[in-house]
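Student: structure here, sequence nowhere to be found:
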Ligand SMILES: Cc1ncc(COP(=O)(O)O)c(C=O)c1O
């Protein structure tokens with residue numbers, strides 16, 4: 001064994017094979033595209049550098065993410081800058097550097113007055129009623145999403161007018177919509193709204209940015225080819241493939257599936273009610289928001305075992321609800337057995353709290369070889385930049 005647990009493992013070949021499926025779909029259906037890798041989904045330095053090497057732009061939504069992209073060597077114009085909490089300095093710098101900047105708030109419109117280049121260009125994040133178009137699939141069915149300028153109440157139209165009056169070029173529309181379903185309907189709606197807005201305001205766009213929120217790497221879910229060909233069939237009615245780029249901002253779809261989390265059983269104890277199997281991993285490392293109902297998991301054990309009626313597999317923290325799953329009628333687990341959780345690359349490392357233990361090791365696995373790409377944090381890293 002050439003790794004120690006607990007650890008995350010990035011399966012490089014699986015990552016690259018899945019990424020090729022995305023680029024193939026884009027080449028086939030809209031061969032004028034940009035892939036902006038969503039930093040918030042998992043900004044481990046090895047991962048963001050790897051996506052940069054694969055030709056992705058950095059999709060960033062804060063000053064820290066924007067500066068992180070520059071720190072790891074992303075070219076100054078290969079950054080997509082989104083979200084409502086950009087800072088003024090980085091916003092102005094990004095517009096100056098010809099980054100893809102999608103405005104999300106009124107203050108950004110004011111900041112444009114301080115950008116001193118002949119042609120200022122920005123995209124606009126659109127807020128639209130996705131629930132009306134895809135019943136039951138949106139994240140906020142009752143009161144709608146909170147990002148971007150609202151199409152239905154005229155705020156988007158006002159913003160377009162203000163930008164035009166300031167002689168700012170509207171280079172794109174940004175329509176990212178997180179959904180419960182990640183379904184094809186969502187992307188049909190996004191493409192239809194892009195067309196509707198293009199026609200209504202006679203926009204000549206350099207890009208339509210449909211955001212992230214796709215499934216990827218899961219055979220039972222929609223495939224990249226289906227998403228992109230569906231959007232092609234709609235966008236083609238209003239946009240010229242040569243002139244208008246399709247921007248996608250995948251996170252989950254490209255880093256969710258190829259990452260595993262490996263844990264080891266460190267203790268087994270019986271109580272009046274249960275057999276508890278304690279591991280050196282924690283639920284907070286694979287489900288930090290504690291929202292998932294089940295985890296993709298498998299056991300790695302040696303030798304024959306008696307079947308046990310019920311074992312409750314737990315994490316190392318002192319929280320009672322750090323219980324990962326119940327193994328019913330499964331092999332009796334013992335110290336040293338491994339429990340591996342798969343498809344845990346998205347919104348895990350980026351959200352894991354520094355609770356009780358610090359960040360674990362991360363390896364990249366290639367052909368059965370493990371390369372340590374982030375050493376676990378120890379107290380030395382925890383106290384850095386602190387006064388005590
Ligand atoms: C603007 C934007 N782009 C891309 C993404 C990535 O989404 P996912 O990781 O679901 O693909 C998000 C996620 O919230 C987002 O807000």
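Tutor: That came in fine, so what should we check first? Every value quoted in this text rests on a predicted model; they were computed, and no experiment measured them.
Student: who in this protein is up against the ligand?
Tutor: Counting by C-beta under 6 Å from any ligand atom, the residues of the chain close to the ligand are 38, 41, 59, 82, 176, 178, 211-214, 249-253, 346. The C-beta positions use only the backbone N, C-alpha and C, and glycine is treated the same way.
Student: repeat that for 8 Å
Tutor: Residues of the chain that fall close to the ligand, judged by C-beta under 8 Å from any ligand atom: 36, 38, 40-41, 59, 61, 82-83, 125, 147, 174, 176, 178, 182, 211-214, 249-256, 346-347.
Student: now the helices for the stretch 151-300 of the chain?
Tutor: For the stretch 151-300 of the chain, the helices defined by DSSP state H, counting those that start in this stretch cover 155-165, 184-201, 224-235, 252-255, 283-286.
Student: biggest strand in this protein by residues?
Tutor: For the chain, the strand with the greatest residue count under DSSP state E is strand 259-270.
Student: hmm, who's touching that strand?
Tutor: 3, 5-11, 42, 275-281, 285-286, 311, 315-316, 333-345, 348 (C-beta atoms under 8 Å, 6 or more residues apart in numbering).
Student: let's see that with 6 Å instead.
Tutor: With C-beta atoms under 6 Å, 6 or more residues apart in numbering as the test, strand 259-270 has contacts from 5-10, 276-281, 285-286, 333, 335, 337-342, 344-345.
Student: and for stretch 373-388?
Tutor: Contacts for stretch 373-388 (C-beta under 6 Å, 6+ apart): 46, 358, 359, 360, 361, 362, 364.
Student: kindly reformat those as CSV containing neighbour count and secondary structure.
Tutor: Shown next, in CSV, are the contacts of stretch 373-388 (neighbours: other C-beta atoms under 10 Å; DSSP: H, G, I helix; E, B strand; the rest coil):
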residue, neighbour count, secondary structure
46, 17, helix
358, 15, coil
359, 19, coil
360, 23, coil
361, 19, strand
362, 23, strand
364, 20, strand
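Student: so residue 67 is in which element?
Tutor: Element membership for residue 67 (DSSP states H and E) is helix 63-71.
Student: and the pLDDT at the nearest residue to residue 296 once chain neighbours are set aside?
Tutor: Nearest residue to residue 296 in three dimensions, chain neighbours excluded: residue 342, at 4.3 Å (C-beta to C-beta, 6 or more residues apart in numbering). At residue 342, the pLDDT value in this model is 98.
Student: the residue in the stretch 51-200 of the chain that the ligand sits nearest to: what's it in contact with?
Tutor: Closest residue of the stretch 51-200 of the chain to the ligand, C-beta to the nearest ligand atom: residue 176 (3.8 Å). Contacts for residue 176 were tallied using C-beta under 6 Å, 6+ apart; they are residue 211.
Student: pull up the gap between it and residue 388, please.
Tutor: Using C-beta to C-beta, to the nearest Å, we find residue 176 at a distance of 41 Å from residue 388.
Student: next: residue 231.
Tutor: With the distance defined as C-beta to C-beta, residue 231 ends up 53 Å from residue 388.
Student: could you do residue 172 as well?
Tutor: For residue 172, the distance to residue 388 (C-beta to C-beta) stands at 47 Å.
Student: neighbour-wise, which of those two wins?
Tutor: Shown here are residue 172 and residue 388; by other C-beta atoms under 10 Å, residue 172 has more neighbours (25 against 3).
Student: so for that one, what pLDDT did the model give?
Tutor: As summarised for this prediction, residue 172 has a pLDDT of 98.
Student: can I assume it is in contact with residue 122?
Tutor: No. In this structure residue 172 lies outside contact range of residue 122 using C-beta atoms under 6 Å: 8.1 Å.
Student: burial count for the residue of the stretch 101-250 of the chain found nearest the ligand?
Tutor: Per C-beta to the nearest ligand atom, residue 212 is where the stretch 101-250 of the chain lies closest to the ligand, at 2.8 Å. Neighbourhood size, residue 212 [other C-beta under 10 Å]: 24.
Student: next, count neighbours for residue 297.
Tutor: A count of nearby residues for residue 297, using other C-beta under 10 Å, gives 19.
Student: same question for residue 161.
Tutor: Residues near residue 161, counting by other C-beta under 10 Å, number 11.
Student: try residue 187
Tutor: Residue 187 has 26 nearby residues by other C-beta under 10 Å.
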